[in-house]
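[1] The following comprises the amino acid sequence and a computationally predicted model.
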Amino acid sequence: MNITGTTLRYRDEEEHILRRLGWAATIHWKDLEEPIKQLLLKQAVMTSDRDPGPEPVQLEQNIKRFLEEYARADQHAPLK
């Protein structure tokens, strides 16, 4: 699969969808195959957002740190 630089464009009312999709990927990160993890990480770094973010190297480090903190199954409470 190819990684391409892209700009993330969506309507304000769709932002909750992106958050949920991102959180779903985070929750299941540990279960993903390494090639899929690398693909998602590299694509995330190559994607521009509405808000200017850090430079790619720093962004990749930030994402990895985020995943280390939140991609743990013991941290997620089930819905009641």
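    Structure's in. What do you need?
[2] What is the burial count for the closest residue to residue 54 other than its chain neighbours?
    Spatial nearest neighbour of residue 54, excluding adjacent residues (CB to CB, 6 or more residues apart in numbering): residue 62 at 6.5 Å. For the C-beta atoms, the positions are set from N, CA and C on the backbone; glycine is no exception. Neighbour count for residue 62, taken as other CB atoms under 10 Å: 13.
[3] Which residues are in contact with residue 3?
    39, 42-43, 46 (CB atoms under 8 Å, 6 or more residues apart in numbering).
[4] swap that for residue 41, sorry
    60, 63-64.
[5] quick one: average confidence on the helix or strand harbouring it?
    Per DSSP states H and E: residue 41 is located in helix 34-46. Here helix 34-46 scores 95 as its mean pLDDT.
[6] Can you dump the C-alpha atoms of that helix in PDB for me?
    Extracted in PDB, the C-alpha atoms of helix 34-46 (Å, rounded to 0.1, in the frame of the first residue of the first chain):
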ATOM      1  CA  GLU A  34       3.200  -4.800  12.500                       C
ATOM      2  CA  PRO A  35       2.900  -3.900   8.800                       C
ATOM      3  CA  ILE A  36      -0.600  -2.400   9.400                       C
ATOM      4  CA  LYS A  37       0.700  -0.400  12.400                       C
ATOM      5  CA  GLN A  38       3.500   1.000  10.300                       C
ATOM      6  CA  LEU A  39       1.100   1.900   7.500                       C
ATOM      7  CA  LEU A  40      -1.300   3.700   9.800                       C
ATOM      8  CA  LEU A  41       1.500   5.500  11.600                       C
ATOM      9  CA  LYS A  42       3.200   6.700   8.400                       C
ATOM     10  CA  GLN A  43      -0.100   7.800   6.900                       C
ATOM     11  CA  ALA A  44      -1.000   9.700  10.100                       C
ATOM     12  CA  VAL A  45       2.300  11.600   9.900                       C
ATOM     13  CA  MET A  46       1.800  12.400   6.200                       C
END
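[7] hmm, back to that, so the residue nearest to residue 54, which state does it fall into?
    helix (DSSP: H, G, I helix; E, B strand; the rest coil).
[8] Quick one: neighbours of residue 72, just the number.
    Residue 72 has 13 nearby residues by other CB under 10 Å.
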